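Trainee: no sequence on hand, only this structure:
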């Protein structure tokens, strides 16, 4: 039995879901971002108990097919941008369409209608968050970051970064350096 879980977007979320299933004595197979395979049928009481337990951690069991599909798109984008070393070398639309086995145009229309933003803008927002992480916590330069995140150029990355954050990547990096120096001088 497959269960779909909203807001399950990190490794920590997976751990929470596994712990709750273990507490309930339920056996499970794969636990992926946004979904879990439970090996046995659950009673209505077990389902309600799991729903309540997950809600305490900010997670939500989902029923609606369209909501499930939107969450799958979100989870796929998060996984693609934040949890892979390099983004796929194919267009995002092709990648998402192949992974979810749905036409991209219908996914895009559904996503836009439900979230008020496009899939591409959602991807850009996550890529910029990843750029910020890499600027803060790694020693990669902008050229390496642009290559790793499939930007056509450093200029393209810089323009998107400034459009989203209001800062240039180099200014953002200087803020990090100032912060580190201030901490070191304490």
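Mentor: Happy to help now that I have it. The shown structure was predicted, so the numbers you read here are calculated from the model rather than taken from an experiment.

Trainee: run through the chain and note the low-pLDDT ranges.
Mentor: Applying pLDDT under 70 to the chain flags residues 179-186.

Trainee: distance of the residue most central in space within it relative to residue 130?
Mentor: Nearest residue to the geometric centre of the chain (C-alpha atoms, centre = their mean): residue 78, 1.9 Å. Per C-beta to C-beta, to the nearest Å, residue 78 is found 10 Å from residue 130. C-betas here are computed from N, CA, C, even on glycine.

Trainee: picking up where we left off before, list the contacts for the residue nearest to the centre of the chain?
Mentor: 9, 10, 33, 126 (C-beta atoms under 8 Å, 6 or more residues apart in numbering).

Trainee: residues near the second one, how many?
Mentor: This points to residue 10. Neighbours of residue 10 under the rule other C-beta atoms under 10 Å: 14.

Trainee: what are the phi and psi angles of it?
Mentor: Residue 10 adopts backbone torsions of phi -150, psi 170, taken as degrees, to the nearest 10.

Trainee: numbering from 565 from now on, please.
Mentor: Yes, from this point I'll number from 565; that puts the last item at residue 574.

Trainee: domain ranges for this protein?
Mentor: 565-627, 685-748 (automatic domain parsing).

Trainee: between the ones you listed, which gets nearest to residue 649?
Mentor: domain 685-748 (7.3 Å; C-beta to C-beta).

Trainee: list the buried residues of stretch 728-736.
Mentor: By neighbour count on 16 or more other C-beta atoms under 10 Å, the buried set for stretch 728-736 is 728, 733, 736.

Trainee: helices along this structure, start to end?
Mentor: Remark: helices assigned in the chain by DSSP state H are 575-587, 608-620, 629-646, 656-664, 668-679, 683-701, 706-712, 718-729, 733-748.

Trainee: buried residues in the longest one?
Mentor: Same thing as helix 683-701. 683, 686, 687, 688, 690, 691, 692, 694, 695, 696, 698, 699.

Trainee: ok, back up a step: in TSV: the domains of the chain, plus distance to residue 663.
Mentor: Shown next, in TSV, are the domains of the chain (distance: least, C-beta to C-beta, whole Å):
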stretch	distance to residue 663
domain 565-627	11
domain 685-748	13
